[in-house]
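In: okay, predicted coordinates and the sequence, questions at the end:
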Amino acid sequence: MIEVIKKGLETSVQDYPGRLGFWDQGFPPSGPMDNWSFRLANLLVGNNENDAGLECQYMGPTLRFEYDTVIALTGADMQAKIDNEPVKRWTNIKVKKGQILQMSFVKGSGARSYIAIAGGLATEPWLGSRSTFHKAGVGGMEGHAIQDGQHLPVNTPSDEQMRLGEISRSIKAQSLPKFSEDKIWEVEVVKGPNDDWIDDEGHKRFIESAWKLSAKSDRTGFRLDGPDWTFTNKAFDKSPEHGTEPSNIIDQGYPIGAINLAGQTPIILMNDGPSMGGFINPYTVPTIGFWKLGQAKPGDTIKFKVVSVSEAQELRKAINGLCTEDSII
């Protein structure tokens, strides 16, 4: 067991790739916002990439370990210490029974940090996943972020994992995600499914603009502040059931990562987003762009780059290739 002394800010149990196969029933995948960092953490401790770990947002937790184990910290720098001694990210860390991991506020670039524990967390799966879906109150620890005084159940690490803990294991520099140091993130987008509702000027303005990530953002959706959109005649010459606003459309299914245009406000539908609704989606962020969004803070700038579906798939394959033992030194 692991005792939660301080919960941090919305620290939650997540697994990769999350809760798949239930989107048509309204249940999103959830899972880690930055799955690249999450998978590297599991790799360092000898877990399977889909074993459950902790996602820490902006400020990490304080945890007491009630047994000997091995952990890894990846993602944003939350100034982690064990028994008040600083520890590194992107490497495996031996932890003795009774030791305390302390994490603080994010320092520098990034927004989310990940904690992998050898063997993985052993919370009760819900629809095949341990990922926390906060708004429905399912998965994770009783459906919500961890709380002070809770004890997190863990699977016993294997003998092989404990042996690996005796060896220094780190991630090669070329296999690490590159966090933005200037608070500007270039995020890939694919056109559609409703790009024909936006005119040429609207598309040009979207791609060339610097969008600010709003503080009114969470795991459901990332709101963006920027210029107004302009529309084609299709947005105005439509039947009444589509609604009166140019961005209104008869209810349709939303892809994960859709840039959902609510009036003039684009909202990127994230890991816990809705599966359908009555707004157009001129662009979609493919999964390759999600790790960047997961590490962006409110006030950071997001600039978009249009890619094809095949280009997005190739970029995804490249990241998958970095989440293997070949990335360990």
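Out: Structure received.

In: just how off-centre is stretch 205-213 within its chain?
Out: The chain centroid and the centroid of stretch 205-213 are separated by 21 Å under Cα atoms, centre = their mean, to the nearest Å.

In: quick one: buried residues of that stretch?
Out: By 16 or more other Cβ atoms under 10 Å, the buried positions in stretch 205-213 come out as Arg205, Phe206, Trp211, Lys212, Leu213. For the C-beta atoms, the positions are set from N, CA and C on the backbone; glycine is no exception.

In: can you check stretch 67-81 too?
Out: Thr69, Val70, Ile71, Ala72, Leu73, Thr74, Gly75, Ala76, Asp77, Met78, Gln79, Ala80.

In: helix or strand for the third one, which one?
Out: Going back to what we said before, that points to Ile71. Using DSSP states H and E, Ile71 maps to strand 69-75.

In: helix or strand right after that strand?
Out: Proceeding N to C from strand 69-75, the next assigned helix or strand is strand 81-82, under DSSP H and E.

In: what pairs with the next helix or strand after that next one, and is each one parallel or antiparallel?
Out: As assigned by DSSP H and E, the chain's next helix or strand after strand 81-82 is strand 85-86. Note on strand 85-86: by DSSP bridges, its sheet partners are strand 81-82 (antiparallel).

In: any chance of JSON lines for the buried residues of stretch 67-81, columns pLDDT and distance to Tyr254?
Out: Listed next are those as JSON lines, based on pLDDT from 0 to 100; distance: Cβ to Cβ, whole Å:
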{"residue": "Thr69", "pLDDT": "97", "distance to Tyr254": "40"}
{"residue": "Val70", "pLDDT": "98", "distance to Tyr254": "40"}
{"residue": "Ile71", "pLDDT": "98", "distance to Tyr254": "36"}
{"residue": "Ala72", "pLDDT": "98", "distance to Tyr254": "34"}
{"residue": "Leu73", "pLDDT": "98", "distance to Tyr254": "33"}
{"residue": "Thr74", "pLDDT": "98", "distance to Tyr254": "30"}
{"residue": "Gly75", "pLDDT": "98", "distance to Tyr254": "27"}
{"residue": "Ala76", "pLDDT": "98", "distance to Tyr254": "28"}
{"residue": "Asp77", "pLDDT": "98", "distance to Tyr254": "34"}
{"residue": "Met78", "pLDDT": "98", "distance to Tyr254": "32"}
{"residue": "Gln79", "pLDDT": "97", "distance to Tyr254": "37"}
{"residue": "Ala80", "pLDDT": "98", "distance to Tyr254": "36"}
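
In: how about the residues you listed in JSON lines, adding distance to Phe179?
Out: Formatted as JSON lines, the buried residues of stretch 67-81 follow (distance: Cβ to Cβ, whole Å):
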{"residue": "Thr69", "distance to Phe179": "27"}
{"residue": "Val70", "distance to Phe179": "25"}
{"residue": "Ile71", "distance to Phe179": "21"}
{"residue": "Ala72", "distance to Phe179": "17"}
{"residue": "Leu73", "distance to Phe179": "15"}
{"residue": "Thr74", "distance to Phe179": "11"}
{"residue": "Gly75", "distance to Phe179": "9"}
{"residue": "Ala76", "distance to Phe179": "7"}
{"residue": "Asp77", "distance to Phe179": "9"}
{"residue": "Met78", "distance to Phe179": "13"}
{"residue": "Gln79", "distance to Phe179": "15"}
{"residue": "Ala80", "distance to Phe179": "16"}
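
In: nothing else from me, thank you.
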